[in-house]
Structure formats: C-alpha cells, structure tokens
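In: Give me a model of this one.
(one chain, ligands or ions: 1)
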Amino acid sequence: MSVIVPQPGILDIAPYVGGQSYLAGVENVVKLSSNENPFGPSPKAMEAFSRAVRQLHRYPSTDHASLRAALGEVHGIDAGRIVCGVGSDEILHLLCQAYVGPGDEVVHTEHGFAIYRIAALSAGGTPVSVPERERVTDVDALLAACTPKTKLVFIANPNNPTGTMIGTGDLARLADGLPAGAMLVLDGAYAEYVEGYDGGIGLIASRGNVFMTRTFSKLYGLGGLRVGWGYGPAEVIDVLNRIRGPFNLSEAQLAAAEAALRDDEHIQRSLSENTRNRAWLAEALMEKGVPSDTSCANFVLARFASADEALACDAWLKQEGLIVRPVASYNLPNCLRITVGDEASCRRVAHAIGNFKDVGR
Ligand SMILES: *Cc1c(COP(=O)(O)O)cnc(C)c1O
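Out: Model prediction:
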C-alpha cells in the first residue's frame, strides 16, 4: 500500500508555536507573550461583531468593499489596491503561493517573523536567512543575498521580536537595489506604533516592486478576530484575489474590523499608554541590569547575560504567574520578549525580574 506524500518542503516546516496563554495551577496569570493590546478590543468593534450575529445565515461579501473603502479613506490610499485576509498571515501565504515555487528564493532577516520561512516552504521555495547588524535589519546584507532566483524579500518594520526598525531612506535603497522580478514585502504589523511612519505607503506610490501588509491583531486589539490586509501594485492585488477564498472573511470579521478602524478614542488611548508604559518598562529593566534595544513596537526584547539566565528568568516569571516569550527559536536564546501590558502588568513584570536578578540565580 502506498502512503500519500506531501509536496517537497512541507515536512521541513517546524509548526508555529503561539505564545503560551495559561499556567497549570497558577491563578491571576498575566499574558505578555503574544503582543496583544492590554486594553482589549474596541467596544465599538464588539458591538459590530454582536450585530453581525443576526446575519449568520448570509454568505459574506466577497470583495470586502466596505472595509477596503474605510481603509482607503483612513490611510489615504486607493481602495482598489487593497486585499483583505484572515490575518496578515494569510496575505503572506498568498504572496508565496502566487509568486514562489521550487527553485525560488525567499529572503528574510535573521531574526525575522517565523511565518516568512513557513510560507516560503509551504510554496516549495527556499528561505534564505540574512544576518542582521546588532539586531537591526541590514540592507547591504539583504541586497548581497539577493540572486536572480530571489522572488520575495520579507522585512517586518518595526521587526518582531527585535522591536527595531530602519528608516524610509534605507527601505527605498533596498527596494531600488532588488533584482528584476523580485518584490519587497514590508510587514507593517507594528507600523501604527511609530509616529509619522506610513508603513511603506509612500514607497509603494512611486515603485512597482513594493508591497505592504498590515493587521488588526496588534494596536486594534483584534488578534482573535483574524483580519489583516495588503496594499501594493494593482497587478499583485489582482493575482492575490484570484487565489484567495472568495468568502475568506465573515461579515462579523469585516464589520468589527471596520468599527475598530474608526474608533479613534480606543486607538489613541492604546497608543499613548503603550508609549508611556514601554518607556517605563525599558527603563525599569535597565535599572535592574537587563538592557533592551529602543523598541518601536508594543513589546520590549529584554537581553540577559546568557541563554541560561534567560531560561531561568522565564521559569521564575512563570512561577509568579507572568508569561513572556522565549525567543530561542528566533536565534535570540539570551532574550525574552515582553509585551507592553497595562501599567500594573509592567510594574509586576519589572518587579519580578528585579527579584530574580537579586535572588533568583
Ligand atoms: C503579529 C504579527 C503579524 C500579524 O499576524 P496576523 O496574522 O495579522 O495576526 C504579522 N507580522 C508580524 C511580524 C507580527 O508580529
């Protein structure tokens, strides 16, 4: 009897591991492992979601026109060049499915988001990991890694899990230096956290080889809803629309995302609290001998003296009911990624790390 065999590359994928969310036997747990908004979803998004329940017998919109129009209006971009997906994860996968096959290379940074490698392998392509410079995207190294086989170059800006980012000039230099037939994909999951940064919209306006992905999972507090979107050249949008599921997003998802997009009060509060608590947390950790790079996102990458110390601190925090994210799988074994929670959570985690540093070793 023959056994069915998957496509080449699939069995090279290490399944994605999400942030832990519970601790056996520990109450009052604080989850700081998945970069979720500590203030939850927008109340307006919750109302919109509830209203959609009455229409569950209806198939949803296939063109997502209403959400795209809202995104176009809020970001000042052409709604016709937006595609919506089941989280930005789906957009990343669709890009690989559409443009990558056996023999093609997908370039990503050393500490880049795990999904880039997974999506490249899913499509039969070859992921190429490029070193960073002190945990910062290195444009020269990326350009040097490109070959005629390169199809996609994935950069998260700001990056997860490092929290660092590069400027628009460097991004332009990267886009302009790519080989013909390759496209730069700017993952803007954390773009909203950076004042004055457009996520790459300006670069896309003047180039045909740049694409941007965005998400409702982080600032908008809707990680559980699963809505993301992409914006880029019209031909690319057309290609992705041919392969995505026509009913990939439910009306509840579409309506809740649109309501969240327009809830300025919730957005502004989430932003200002993140900025304030992030600065406080980084400073408090520094005082306890745990440095971090200046973060441009909603988490801090805390650096310990060694991988052993990071592991021991993680175990210590778990005992205290605090879940953070070990990032050894991102080739950062001496670091822990800590989501910026509300003020009380930041104080709790800083206090616990202080205790660990004093007595825990
Ligand atoms: C969280 C995150 C995303 C968002 O994924 P969704 O599928 O939209 O929830 C994308 N890229 C990076 C780098 C992230 O950290």
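
In: For Glu47, grab the count of nearby residues.
Out: 13 (other C-beta atoms under 10 Å). Heads up, the C-betas are built off the backbone N, CA and C, glycines and all.

In: my bad, should have said Ala141
Out: As a burial measure, Ala141 scores 15 neighbours (other C-beta under 10 Å).

In: what number of residues lie near the spatially closest residue to it that is not a sequence neighbour?
Out: Of all residues not flanking Ala141 in the chain, Val130 sits nearest, at 5.0 Å (C-beta to C-beta, 6 or more residues apart in numbering). If you count neighbours by other C-beta under 10 Å, Val130 ends up with 21.

In: Isn't Val130 up against Val107?
Out: Yes: taking contacts as C-beta atoms under 8 Å, Val130 lies within contact range of Val107: 6.0 Å.

In: tell me, what's touching those two both at once?
Out: Residues touching both Val130 and Val107 (C-beta atoms under 8 Å, 6 or more residues apart in numbering) are 142, 145.

In: And the helices in this protein, which stretches?
Out: Under the criterion DSSP state H, the chain contains helices at 43-52, 65-75, 87-99, 114-122, 139-145, 168-177, 201-205, 234-243, 251-261, 264-287, 307-319, 343-355.

In: how big is the angle separating the first one from helix 264-287?
Out: Here helix 43-52 runs at 130 degrees with respect to helix 264-287, directions being taken by axes from the mean of the first three to the mean of the last three C-alpha atoms, to 10 degrees.

In: Stretch 300-310: how far from the chain's middle?
Out: Stretch 300-310 sits 22 Å away from the centroid of its parent chain (C-alpha atoms, centre = their mean, to the nearest Å).

In: who in the stretch 51-200 of the chain is up against the ligand?
Out: Counting by C-beta under 6 Å from any ligand atom, the stretch 51-200 of the chain comes close to the ligand at 87-89, 113, 156, 160, 187, 189.

In: just these now: which is nearest Pro326?
Out: Asn160 (14.1 Å; C-beta to C-beta).

In: List the residues that contact the closest residue to the ligand within the chain.
Out: Nearest residue of the chain to the ligand (C-beta to the nearest ligand atom) works out as Gly87 at 2.4 Å. By C-beta under 8 Å, 6+ apart, the contact set of Gly87 is 215, 217, 226-228.

In: among these, which are in reach of the ligand?
Out: 215, 217, 228.

In: Let's have those residues in TSV, adding pLDDT and neighbour count.
Out: Output for those, formatted as TSV (pLDDT from 0 to 100; neighbours: other C-beta atoms under 10 Å):
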residue	pLDDT	neighbour count
Thr215	98	25
Ser217	98	22
Gly228	98	26
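
In: For stretch 40-60, buried residues please.
Out: Neighbour-count burial for stretch 40-60 flags 41-42, 44-45, 48-49, 52, 60 (criterion: 16 or more other C-beta atoms under 10 Å).

In: Among those, which pair sits farthest apart?
Out: Farthest-apart pair in the buried residues of stretch 40-60 is Ser42 and Pro60; separation 20.4 Å (C-beta to C-beta).

In: Show me the residue at the heart of the chain, geometrically.
Out: The centre of the chain sits closest to Ala189, judged by C-alpha atoms, centre = their mean, with a distance of 4.2 Å.

In: is it true that that one touches Phe216?
Out: No: if you go by C-beta under 8 Å, Ala189 and Phe216 don't touch, sitting 10.0 Å apart.

In: Number of residues surrounding the residue nearest to Val327 when sequence neighbours are not counted?
Out: Excluding the flanking residues, the one nearest Val327 by C-beta to C-beta, 6+ apart is Pro161, at 4.8 Å. Residues near Pro161, counting by other C-beta under 10 Å, number 25.

In: so what's Pro161 up against?
Out: Residues near Pro161 by C-beta under 8 Å, 6+ apart: 111, 299, 301, 325, 327, 330, 332, 335, 337.

In: what do you get for His64?
Out: So His64 contacts 84, 249, 254 (C-beta under 8 Å, 6+ apart).

In: Kindly provide the distance from the first one to Glu90.
Out: To Glu90, Cys84 is 9 Å away according to C-beta to C-beta, to the nearest Å.

In: what's the overlap in contacts for those two?
Out: Residues touching both Cys84 and Glu90 (C-beta under 8 Å, 6+ apart) are 228, 248.

In: So which residues on the stretch 201-350 of the chain come close to the ligand?
Out: Within reach of the ligand by C-beta under 6 Å from any ligand atom, the stretch 201-350 of the chain has these residues: 215, 217-218, 223, 228.

In: Identify the residue nearest Trp229 in space, chain neighbours excluded?
Out: Nearest to Trp229 is Cys84, by C-beta to C-beta, 6+ apart, at 4.7 Å.

In: Cross-check the contact I'm expecting between that neighbour and Ser250.
Out: No: the criterion here is C-beta under 8 Å, and Cys84 misses it with Ser250 at 11.5 Å.

In: which residues of the stretch 101-250 of the chain fall in strands?
Out: With strands called from DSSP state E, counting those that start in this stretch, the stretch 101-250 of the chain shows them at 105-109, 126-130, 150-156, 183-187, 210-215, 228-231.

In: excluding its backbone neighbours, what's nearest Leu219?
Out: Leu219 sits nearest to Glu192 (C-beta to C-beta, 6+ apart), 4.3 Å away.

In: No further queries at this time; thank you.
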